[in-house]
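# sharing a sequence plus its predicted fold:
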Amino acid sequence: MNVAQQLVNGIVIGHAYALVAVGWTLLLGAARLVNFGHGQMYMIGAFVAWWVMAATGLPYWLAVVAAVLLGAALGAVMQRLFLRLTLSQDLVNLMIVTLGFGQALEGAAGLAFGPKPQTLASPFQEMSVHLGPVWFTVQDAILVGATILVFALLYLALHRSWLGAAVRMVAEDPRLTALGGFKVSRIYMGIFAFEGAAVAFAAALVAPRTPILTSMGFDQVVMTFVVVVLGGIGSVLGSYVAGLGIGLFTALFGALVSPAYTTAAVFALLIAAMVLRPGQLAASGSFAR
């Protein structure tokens, strides 16, 4: 086994996990809400990027922009549809309706794009960099760099801007924030829009590495859940570290044991963490850290 190559693979996979999870982390941390249609929104983002290139002939970077814009719009529409549930923070009903919304998205994608797997052709996926015993594609480097940039910008936005201050106020007490003159519904809409844009951006960057399927949303939401929980629910920095750690773990476990059992192994790791340190994983003041 080439350990150095597996470490590189793990770093790339880990940044992919973190980028997919960043929107859900903000949603849980700031709004104390969940969206079980997250995986299907990832799938829609990947298909939109593919369709833009296949149907219009536009370059890859414009397809990424189109996916991000549609993802943001989809997140905002979802928040408006479930406005009452988001404002009342009705978690149980919100879980049910977002799960149903995700299934509706999957069915619509099947009708619109067909059942066949598709490939998002990024020119950067064909470019490779060789450094001694390891190699990676330029697409991998873009993915890692973009993830770091997104997390850095999110951290700065949360701590150095009035909008970030408003988001942190909503995370602490939405009713008190409303009394202060802030439109809580608009802040929630912005959070949902960010979630949709971020997961679509992740899809457009990760999709060139894997086939695009209408059924791939479930796998994404499962791994996103693990990343968010292991990182500490609502912790921005924690989700980055957890994503990177899980990426390294899955790469090494897949090489040493079998890729077929990596998801089970990750859940075993999650169970062990929840049993040994349950208090560290709960939603708390860790948001925005």
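That came in fine, so what should we check first? Just so you know, these numbers come straight off a predicted model, no measurement behind them. Numbering: from 1, shown residues only.
# got the buried residues for stretch 136-150?
Phe136, Thr137, Gln139, Asp140, Ile142, Leu143, Val144, Ala146, Thr147, Val150 (16 or more other C-beta atoms under 10 Å). Yep, even glycine has a C-beta here, placed from its N, CA and C like the rest.
# now stretch 142-155: average pLDDT?
Stretch 142-155 carries an average pLDDT of 96.
# show residues contacting that stretch.
Identification of contacts with stretch 142-155 by C-beta atoms under 8 Å, 6 or more residues apart in numbering yields 11-12, 15-16, 18-19, 22, 26, 124, 198, 201, 205-206, 236-237, 240, 288.
# off-centre distance for it?
How far stretch 142-155 lies from its chain's middle: 12 Å, per C-alpha atoms, centre = their mean, to the nearest Å.
# just the buried residues from the contacts of stretch 142-155, in PyMOL please.
Selecting only the buried entries of the contacts of stretch 142-155 in PyMOL, with 16+ other C-beta under 10 Å as the criterion:
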select buried, resi 11+12+15+16+18+19+22+26+124+198+201+205+206+236+240+288
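# out of the buried residues of stretch 136-150, who's nearest Pro117?
Gln139 (18.3 Å; C-beta to C-beta).
# wait, isn't the closest one in contact with Val206?
No: using C-beta atoms under 8 Å, Gln139 is not in contact with Val206; the gap is 9.1 Å.
# for the protein, which segments count as helices?
Using DSSP state H, the helices of the chain run over 3-31, 38-56, 60-81, 83-88, 91-113, 138-160, 162-172, 174-179, 184-206, 217-230, 236-256, 262-276.
# buried sites along the fourth one?
Of the residues in helix 83-88, those buried under the neighbour-count criterion (16+ other C-beta under 10 Å) are Leu85, Thr86, Leu87.
# can I get it as PDB, trimmed to CA atoms?
Extracted as PDB, the C-alpha positions of helix 83-88 are listed here (Å, rounded to 0.1, in the frame of the first residue of the first chain):
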ATOM      1  CA  LEU A  83     -41.900  29.200   6.600                       C
ATOM      2  CA  ARG A  84     -44.200  28.400   9.500                       C
ATOM      3  CA  LEU A  85     -42.200  25.400  10.500                       C
ATOM      4  CA  THR A  86     -38.900  27.200  10.400                       C
ATOM      5  CA  LEU A  87     -40.100  30.100  12.500                       C
ATOM      6  CA  SER A  88     -41.700  27.900  15.100                       C
END
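# what is it packed up against?
helix 91-113, helix 184-206 (3 or more C-beta pairs under 8 Å, 6 or more residues apart in numbering; DSSP states H and E).
# which strands and helices sit next to the first one?
This means helix 91-113. helix 38-56, helix 60-81, helix 83-88, helix 217-230.
# change it to 6 Å
helix 38-56 (3 or more C-beta pairs under 6 Å, 6 or more residues apart in numbering; DSSP states H and E).
# model confidence over the helix it packs on, on average?
The model assigns helix 38-56 a mean pLDDT of 95.
# then stretch 78-93?
Mean pLDDT, stretch 78-93: 80.
# also stretch 245-262?
Rounded mean pLDDT across stretch 245-262 is 93.
# quick one: it to chain centroid distance?
Worked out by C-alpha atoms, centre = their mean, stretch 245-262 lies 20 Å from the chain centre.
# can you list the buried residues in it?
Gly245, Ile246, Gly247, Leu248, Phe249, Thr250, Ala251, Leu252, Phe253, Gly254, Ala255, Thr262.
# would a markdown table of those with distance to Gly102 be doable?
Converted to a markdown table, these look like this (distance: C-beta to C-beta, whole Å):
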| residue | distance to Gly102 |
| --- | --- |
| Gly245 | 27 |
| Ile246 | 22 |
| Gly247 | 24 |
| Leu248 | 29 |
| Phe249 | 27 |
| Thr250 | 24 |
| Ala251 | 28 |
| Leu252 | 31 |
| Phe253 | 28 |
| Gly254 | 27 |
| Ala255 | 32 |
| Thr262 | 23 |
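# biggest separation within these, which pair?
Gly245 and Ala255 (16.2 Å).
# ok, back up a step: closest one to Val228 out of the buried residues of stretch 245-262, please.
For the buried residues of stretch 245-262, the nearest to Val228 is Ile246 (11.0 Å; C-beta to C-beta).
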